[in-house]
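[1] curious how this folds, go ahead:
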Amino acid sequence: MADTSDTRTPAEIEADIKRRRDHLAETLDEIGVRVHPKTIVGDAKAKVVSNIDHTLGRAYVSVNRVVSDVKGQLVGEDGAPRLERIVPVALVVVGVVGLLALGTRRRRG
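    Residues are numbered from 1 along each chain as shown. Next up, the predicted model:
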């Protein structure tokens, strides 16, 4: 059985009740802020922004790596262009652009 004897004074009991009431009020206020629609929307927005930032960061690293790889293929270690690799790439690009232009001309004509 529980001990029902309480040696606290009425003032101590009242102070304890007030303390618990204040703590409960703070807890309810915190819950109210957490479930408020603006808070929920703000948290969702922050999460989306964080995910976008993370995705963009990964994309930047990937693009930077590709650019570095291409640069490594087309430029020598001394910084001079590697013509033996640039000329064939340029010819392919000119050929593809020419074929696209020819295809566009045929559709119009």
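[2] mind giving me the domain ranges of the chain?
    Domain segmentation of the chain under automatic domain parsing yields 10-74, 81-109.
[3] how far does stretch 71-87 sit from the chain's center?
    Between the centre of stretch 71-87 and the centre of its chain there are 36 Å (CA atoms, centre = their mean, to the nearest Å).
[4] what's in contact with it?
    Contacts to stretch 71-87, defined as CB atoms under 8 Å, 6 or more residues apart in numbering, come from residues V89. Where C-beta positions appear, they are placed from N, C-alpha and C, glycine not excepted.
[5] pLDDT (mean, whole number) over the strand or helix carrying G42?
    Per DSSP states H and E, G42 falls inside helix 37-74. For helix 37-74, mean pLDDT rounds to 93.
[6] and the next helix or strand past that helix?
    If you walk from helix 37-74 toward the C-terminus, the next helix or strand you reach (DSSP H and E) is helix 83-108.
[7] could I get the domains of the chain as JSON lines with mean neighbour count?
    Output for the domains of the chain, formatted as JSON lines (neighbours: other CB atoms under 10 Å):
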{"stretch": "domain 10-74", "mean neighbour count": "10"}
{"stretch": "domain 81-109", "mean neighbour count": "10"}
